[in-house]
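Chemist: Sharing a sequence plus its predicted fold:
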Amino acid sequence: MAQLPILTFPDPRLRTKARPVARVDDKVRQLIDDMLETMYAAPGIGLAASQVNVHRRIIVIDVSAEHDQPLVLVNPVIEVAEGMQEREEGCLSVPGFYETVERAERIRVRALNRDGEGFEKEADGLLALCIQHECDHLEGKLFVDYLSNLKRQRIRKKLAKLPKAS
Ligand code: NI
């Protein structure tokens, strides 16, 4: 396993729309394992392949207190989104910034697992937020896009001074 460099906003590569995974093979599983290692090391509770500059529809999440319940979603599709929650949100690609964003409270998502098998999962609260946040990454969308222009520009200016991942 290897830790991968994480792209930082406003890197334009974060705006790439990710393509579906045609087949979950060993190469994809290697990427998933590297993404999990990268997420845990950061530390973070979610990571999309887009953030490590691989523009395929893969996300990994672990919102458990013990960091021992990894959730892998390949080609995720949010089929149902209901209710509303507002929580402070952060992102490994926007380090050091936390802002309140409006999300659906409950969702149902369909995806493939690490073995390429289809499954459906219902989620609410933090897990639902996290799945929505990571699915946004696959569309090239970041949580800062939900903020005011002024706030986003302020974050952009501060982060543009950081060294970039290659
Ligand atoms: Ni993020």
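Modeler: Received, thanks. Numbering: from 1, shown residues only.

Chemist: can you pull out the strands in this structure?
Modeler: Along the chain, the segments classed as strands by DSSP state E run 46-48, 58-61, 71-82, 85-89, 99-103, 106-112, 118-124.

Chemist: Quick one: distance of the fourth one to the chain centre.
Modeler: In other words, strand 85-89. 15 Å (C-alpha atoms, centre = their mean, to the nearest Å).

Chemist: angle of it against strand 118-124?
Modeler: 100 degrees (axes from the mean of the first three to the mean of the last three C-alpha atoms, to 10 degrees).

Chemist: What strands flank strand 85-89, and is each parallel or antiparallel?
Modeler: strand 99-103 (antiparallel) (DSSP bridges).

Chemist: before we move on, the earlier item: would you list the strands of the chain in TSV and tack on mean neighbour count?
Modeler: C-beta: built from backbone N, CA, C; applies to glycine. TSV is the format used below for those (neighbours: other C-beta atoms under 10 Å):
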stretch	mean neighbour count
strand 46-48	28
strand 58-61	28
strand 71-82	18
strand 85-89	14
strand 99-103	16
strand 106-112	19
strand 118-124	13
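
Chemist: Of the ones you listed, which is nearest residue 4?
Modeler: Checking the strands of the chain against residue 4 by C-beta to C-beta gives strand 46-48 as the closest, at 8.9 Å.

Chemist: for that closest one, packing partners?
Modeler: Using 3 or more C-beta pairs under 8 Å, 6 or more residues apart in numbering; DSSP states H and E, the elements in contact with strand 46-48 are helix 26-41, strand 58-61, helix 125-138.

Chemist: Perfect, I'm done here.
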